[in-house]
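S.K.: kindly generate the corresponding structure for this input.
(4 chains)
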2 protein chains.
Amino acid sequence: MNTFAALADPVRTGIIDSLAERARTVNEIVSLFDVTQPAISRHLRVLREAGLVTVRPEGQSRVYALNPAPLREIDAWLQRYRKFWAGRLDDLERHLEENP
Amino acid sequence: MNTFAALADPVRTGIIDSLAERARTVNEIVSLFDVTQPAISRHLRVLREAGLVTVRPEGQSRVYALNPAPLREIDAWLQRYRKFWAGRLDDLERHLEENP
DNA sequence: CAATCATATTTGTTTCTGGTTATATAACTG
DNA sequence: CAGTTATATAACCAGAAACAAATATGATTG
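M.R.: Numbering: from 1, shown residues only, chains lettered A, B, ... in the order given. Modelled structure (predicted):
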């Protein structure tokens, strides 16, 4: 699955950011955004299917928590690109890459 | 604009990856994927509009190069999440975050 | 068990996306 | 300038995704 697609929506990144603070129930999440509850539930489903969040029933509620694993994969993918902004070799590196 | 949306397509991440090696003409990019040239041109437009690539005419061709700036923003956004996989404090941290 | 609260799913509709083919544009070549 | 090469845009279509409204499910409470 594609983590980037799951993160492509601002409400969904907002949810992720809010879960970085602490786990929250659906109602808590709903109250953070100007979106109806079914819409939030659908966003949560997308995030769940992308493996970015987990759910745990707690009494009547469902508590969503961040699952950082897919973010870690993005972090790993970015590794390849860090050289582009690491240090002042940038211009030289760019030049060498474009003229192998 | 949303960098994640621009990265949500596997062909587009493939293009980005290929440009991490070196800048390439459109035709070179086309030859790397099993899609038609117009499809590639449209993907390139999306990447251009997201600021992920730049173009420079070179004679008859157009050379696309990576612009890492938006990736760097993602890198910065991820900063907030690195604590989740940094060190073995993970479980304790998670617990504290969920029970403030 | 009936009522209620919290959340999820369904439905109908609309919009977006990505692919293709066909065509336009712009630069080079003889 | 006619022909060719490289790339972009247009037009069209099918499938995916999104939104709103209504409804279903599942736990809790009296």
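S.K.: for burial, what's the neighbour tally of A:Pro70?
M.R.: Look at A:Pro70: counted by other C-beta atoms under 10 Å in any protein chain shown, it has 19 neighbours. Backbone N, C-alpha and C define where each C-beta goes, glycine included.
S.K.: what residues does the host helix or strand of A:Phe4 touch?
M.R.: Element membership of A:Phe4, judged by DSSP states H and E, is helix A:3-7. Here helix A:3-7 makes contact (C-beta atoms under 8 Å, 6 or more residues apart in numbering or on different chains) with A:12-13, A:16, A:46-47, A:49-52, A:70-71, A:73-74, B:4-5, B:7-8, B:13.
S.K.: filter these to the buried ones?
M.R.: In the contacts of helix A:3-7, burial by neighbour count holds for A:12-13, A:16, A:46-47, A:50-52, A:70-71, A:74, B:4-5, B:7-8, B:13, counting by 16 or more other C-beta atoms under 10 Å in any protein chain shown.
S.K.: could you tell me which of those are located in strands?
M.R.: Counted as lying in strands by DSSP state E, out of these, is not a single one.
S.K.: all helices for chain A, in order.
M.R.: A:3-7, A:10-21, A:26-32, A:37-49, A:69-82, A:90-98 (DSSP state H).
S.K.: dump these to JSON lines, plus distance to B:Val26 and mean pLDDT.
M.R.: Converted to JSON lines, the helices of chain A look like this (distance: least, C-beta to C-beta, whole Å; pLDDT from 0 to 100):
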{"stretch": "helix A:3-7", "distance to B:Val26": "23", "mean pLDDT": "95"}
{"stretch": "helix A:10-21", "distance to B:Val26": "31", "mean pLDDT": "95"}
{"stretch": "helix A:26-32", "distance to B:Val26": "43", "mean pLDDT": "94"}
{"stretch": "helix A:37-49", "distance to B:Val26": "33", "mean pLDDT": "94"}
{"stretch": "helix A:69-82", "distance to B:Val26": "22", "mean pLDDT": "94"}
{"stretch": "helix A:90-98", "distance to B:Val26": "15", "mean pLDDT": "54"}
